[in-house]
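Enquirer: my questions concern the predicted model and sequence given below.
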Amino acid sequence: MSLVSEFLGQLTLTLGGGEPSYPTVVPEPNFDPDKDAARIETAIKTKGVDEHTIIDVLTKRTYNQRREIAFAYERRAKKDMISALKAALSCPLETVILGLMKSTSQYDASEIKSSIKGLGTDEESLIEILCSRSNAELQDIKRVYKELFKKDLEKDVAGDTSGDFGKLLLALVSTTRDEPSSVVDNQKIDDDARALYDAGVKRKGTDVKAWIAIMSQRSVPHLQRVFERYKSYSPYDMQESIRKEVKGDLEMSFLTLVQCFENKQLYFANRLQDAMKTKGAKEKVLTRIMVSRCEVDLKKIRQEYKAHHGKSLHQTIAEHTKGDYQRALLSLCAGDD
């Protein structure tokens, strides 16, 4: 099976949950897949490889358009484009471009698989993905994970995590979260706020099971109201309570959930800032967010970044990266606010 068939197949990008999207990568209006395929073929054949052309084409096309380019390339060159790109490029640019050749769900599924395979688990990556995706996105990731790896995501997560941390991730992956409702149930909001308080700050020791149930099953708009109501019971807000009550991976998971419920794009903006606050960017985190969010909400992440960190995301990426990798990320950023 060619890599084109494996990764591009019949899978399509699905934005879940009816959430509004704020992409920086949008469909090219004058799209010609055959012309783009010819440009990619020439760029790969060029002595030394013409990375600039590869970047300029593939970072300015949506996943569905890249998919058409890949099939046009295969018809033209009699070989699959992903293999050709993999042979022509080197890291970290290769990681960005190959990531763009997957749908958002395929990319997330692959990142999860990478986080749990082999010795040791990359808990930070696992938390970022599973705690920030909507119910519909998680359902799509589970479907794609099964198609790509012939395994159930639930079983792999269960086999690689343990304790309350594992229980929380499994509760999220089970996708039992309520859908948003136009009806505001003030009694349920009050009950949940009190239950969170009673299970944590009010008592000695934390009833983590109660926290997991509420945070994995209630709709996001409901939880936003619950956290506001929670302040009338607790001397601490929800994030402060989490920091006082639990530690380690469980703390990071609950904090990620709450931050995403309150402002998901700010969460990612802060993740990007953390990835670039020291000399030399954490390329894995930076690449994953830029690739996974460019067709979802990167424009709004960019706005939150500027509002909260005093400089543009474009400027910060330019300061902490270099070469073709920098060129690709700045193209995905698509603007200097």
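Expert: In hand now; what should we look at?

Enquirer: low-confidence stretches in the stretch 201-337 of the chain?
Expert: For the stretch 201-337 of the chain, the stretches flagged by pLDDT under 70 are 280.

Enquirer: just checking, residue 167 touches residue 211?
Expert: No - counting by Cβ atoms under 8 Å, residue 211 is not a contact partner of residue 167; they are 10.4 Å apart. Backbone N, C-alpha and C define where each C-beta goes, glycine included.

Enquirer: who's more crowded, the two?
Expert: Legend: neighbour count by other Cβ atoms under 10 Å for residue 167 and residue 211, higher for residue 211 (24 against 17).

Enquirer: contacts only, for residue 58.
Expert: By Cβ atoms under 8 Å, 6 or more residues apart in numbering, the contact set of residue 58 is 40, 66, 69, 97, 100-101.

Enquirer: okay, and the common contacts of residue 167 and residue 211?
Expert: Contacts common to residue 167 and residue 211, judged by Cβ under 8 Å, 6+ apart, are absent.

Enquirer: mind listing what's buried along the helix or strand that contains residue 190?
Expert: Assessed by DSSP states H and E, residue 190 sits inside helix 186-199. Buried residues in helix 186-199, defined by neighbour count with 16 or more other Cβ atoms under 10 Å: 189-190, 192-197, 199.

Enquirer: which elements pack onto that helix?
Expert: Counting contacts by 3 or more Cβ pairs under 8 Å, 6 or more residues apart in numbering; DSSP states H and E, helix 186-199 is packed against helix 208-217, helix 220-230, helix 238-245.

Enquirer: contact partners of the first one?
Expert: To tie it back to what came earlier, the one meant is helix 208-217. Residues contacting helix 208-217 (Cβ under 8 Å, 6+ apart): 164, 167-168, 171-172, 174, 176-178, 192, 195-196, 198-200, 223, 226, 246, 250, 254, 257-258.

Enquirer: can you do 7 Å?
Expert: Here helix 208-217 makes contact (Cβ atoms under 7 Å, 6 or more residues apart in numbering) with 164, 167-168, 171-172, 176-178, 192, 195-196, 199-200, 223, 246, 254, 257.

Enquirer: just the CA coordinates of it, formatted as CSV?
Expert: Taking C-alpha atoms only, helix 208-217 is exported to CSV below (Å, rounded to 0.1, in the frame of the first residue of the first chain):
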residue,chain,number,x,y,z
VAL,A,208,-11.0,12.5,42.2
LYS,A,209,-13.7,10.2,40.8
ALA,A,210,-16.3,13.0,41.3
TRP,A,211,-14.1,15.5,39.6
ILE,A,212,-13.5,13.2,36.6
ALA,A,213,-17.2,12.5,36.2
ILE,A,214,-18.2,16.1,36.1
MET,A,215,-15.3,17.3,33.9
SER,A,216,-15.6,14.5,31.4
GLN,A,217,-19.4,14.4,31.1
